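1. Let me see the structure of the following:
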Amino acid sequence: MSGPRRWLVASGLLAPTGLWLGVFLLAPLALVVQFSFATRDTGVARAVLPWTVDAYVTALNPAFLPIFGRTLAYASVTTVLCLVLGFPVAWFLTRHAGRWRNVLLVAVLVPFWSSYLARIYAWKALLDGDGVVNRLLSEVGLGRDGGFLLTHGAVVLGLTYGFLPFMVLPLYVACERFDFRLVEASYDLGRGPVSTFLRVVVPGVLPGVSAGVLLVAVPATGDFVTPRLLGGVEQSTFGSVIDDQFRGGNNWPLGSAMAVLLLLLVVVALLLRSRRAEDVL
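-> Numbering: from 1, shown residues only. The predicted model follows:
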């Protein structure tokens with residue numbers, strides 16, 4: 001097949017996907033960027049001309065720094081917890097699950113079969129003052145007046161629960177492709193468990209770790225449902241503040257500017273990750 005004909009065939013195959021991304025991804029993103037430069041109209045929930053950078057000036061106000069830092073802290077802690085909890089699960093599935101592997105994989109995927117919002121509401125009921133968790137802990141003197149809602153721990157717990165499968169699945173794929181004979185060879189050469197894990201296992205599953213960290217950190221950074229339902233004003237994140245601007249705050253330019261800044265942060269993180277991956281290779 002000649003070059004021009006091959007190009008036409010490839011373009012035809014990619015056209016539906018390109019059209020879909022253009023209409024449902026790039027067009028809304030362009031609209032958000034446009035709103036971020038607009039002037040707020042306090043009469044209605046929309047943005048109007050003339051264009052200005054006032055929304056970005058407000059979004060970069062030092063008053064928002066604690067919220068920004070809290071957002072990064074939640075995302076970072078959630079990612080680390082998902083990695084610590086997810087790796088043993090993925091390792092067990094590939095090494096010791098045997099004929100039960102498919103059943104356990106389905107168990108990992110079961111949460112995706114229900115609404116994320118409904119699951120967070122379930123955690124809200126569990127962590128409430130009259131919830132099961134608080135009542136059980138009260139039996140051993142660890143209960144808390146009002147339960148564990150409106151705390152940083154509740155938000156991190158909800159985020160970790162919600163995004164844990166996104167860490168387990170790429171780690172499972174990486175562990176399944178890992179050559180376990182390398183572990184035996186490391187032991188035969190006199191390496192201990194810790195040295196084998198750090199020098200053999202970690203480099204072997206690093207692509208899965210990298211993918212899992214990305215799949216967890218990005219949505220955890222922008223999540224606003226979990227902090228709103230399980231946290232309070234003191235647990236507000238950048239995502240919840242953006243949501244406030246589009247609903248009760250009636251300030252679409254500010255919400256759009258914050259969304260653009262959050263998107264830029266994610267893009268920078270992705271670029272740094274890709275550069276680090278290239279350095280490793």
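
2. Check which element follows the helix or strand of the chain with the lowest mean pLDDT along the chain.
-> Counting by mean pLDDT, DSSP states H and E, the chain has its least confident helix or strand at strand 46-48, which shows a mean of 59. For strand 46-48, the succeeding helix or strand toward the C-terminus, using DSSP states H and E, is helix 54-59.

3. What lies in contact with that next one?
-> With contact meaning C-beta atoms under 8 Å, 6 or more residues apart in numbering, helix 54-59 is reached by 36-40, 253-254, 256-258, 261. (Glycine included, C-beta is placed from N, CA and C.)

4. among those, which two are most distant?
-> 39 and 261 (18.4 Å; C-beta to C-beta).

5. Looking at those two, which is more packed in?
-> Of the pair residue 39 and residue 261, residue 261 is the one with more neighbours under other C-beta atoms under 10 Å, namely 18 against 13.

6. Count the residues that sit near the residue lying closest to the more buried one once chain neighbours are set aside.
-> The shortest distance from residue 261 to any non-neighbouring residue, by C-beta to C-beta, 6 or more residues apart in numbering, is to residue 59 (5.8 Å). Counted by other C-beta under 10 Å, the residues lying close to residue 59 total 25.

7. what's the answer for residue 266, then?
-> 15.

8. Am I right that it is in contact with residue 221?
-> Yes. Contact status for residue 266 versus residue 221: in contact at 6.7 Å, counting by C-beta atoms under 8 Å.

9. can you pull the contacts of residue 64?
-> 238, 241, 258.

10. My guess is the second one contacts residue 66. True?
-> When you say that, I think you mean residue 241. No. Residue 241 is beyond contact range of residue 66, at 11.0 Å (criterion: C-beta under 8 Å).

11. between the two, which one's more packed in?
-> residue 241 (20 against 11).

12. Report the spatially closest residue to that one, excluding sequence-adjacent ones.
-> The nearest residue in space to residue 241 (C-beta to C-beta, 6+ apart) is residue 67, at 5.9 Å.

13. Now do the same contact list for that neighbour.
-> 236-238, 241.

14. for the helix or strand containing residue 217, packing partners?
-> When elements are assigned from DSSP H and E, residue 217 belongs to helix 202-222. Judged by 3 or more C-beta pairs under 8 Å, 6 or more residues apart in numbering; DSSP states H and E, the packing partners of helix 202-222 are helix 65-95, helix 152-177, helix 238-246, helix 252-280.

15. To residue 25, which of those helices lies closest?
-> Taking C-beta to C-beta, helix 252-280 is the member of the helices and strands packed on helix 202-222 nearest to residue 25, at 11.7 Å.

16. What residues sit buried inside the closest one?
-> 252-262, 265, 269 (16 or more other C-beta atoms under 10 Å).

17. Please apply the same query to stretch 180-200.
-> 183, 186, 191, 196, 200.

18. Which ones among those residues lie within helices?
-> Counting by DSSP state H, the buried residues of stretch 180-200 place 183, 186, 196 in helices.

19. With pLDDT and distance to residue 104 as extra columns, can I get these in JSON lines?
-> Below are those laid out as JSON lines (pLDDT from 0 to 100; distance: C-beta to C-beta, whole Å):
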{"residue": "183", "pLDDT": "87", "distance to residue 104": "22"}
{"residue": "186", "pLDDT": "88", "distance to residue 104": "27"}
{"residue": "196", "pLDDT": "89", "distance to residue 104": "25"}
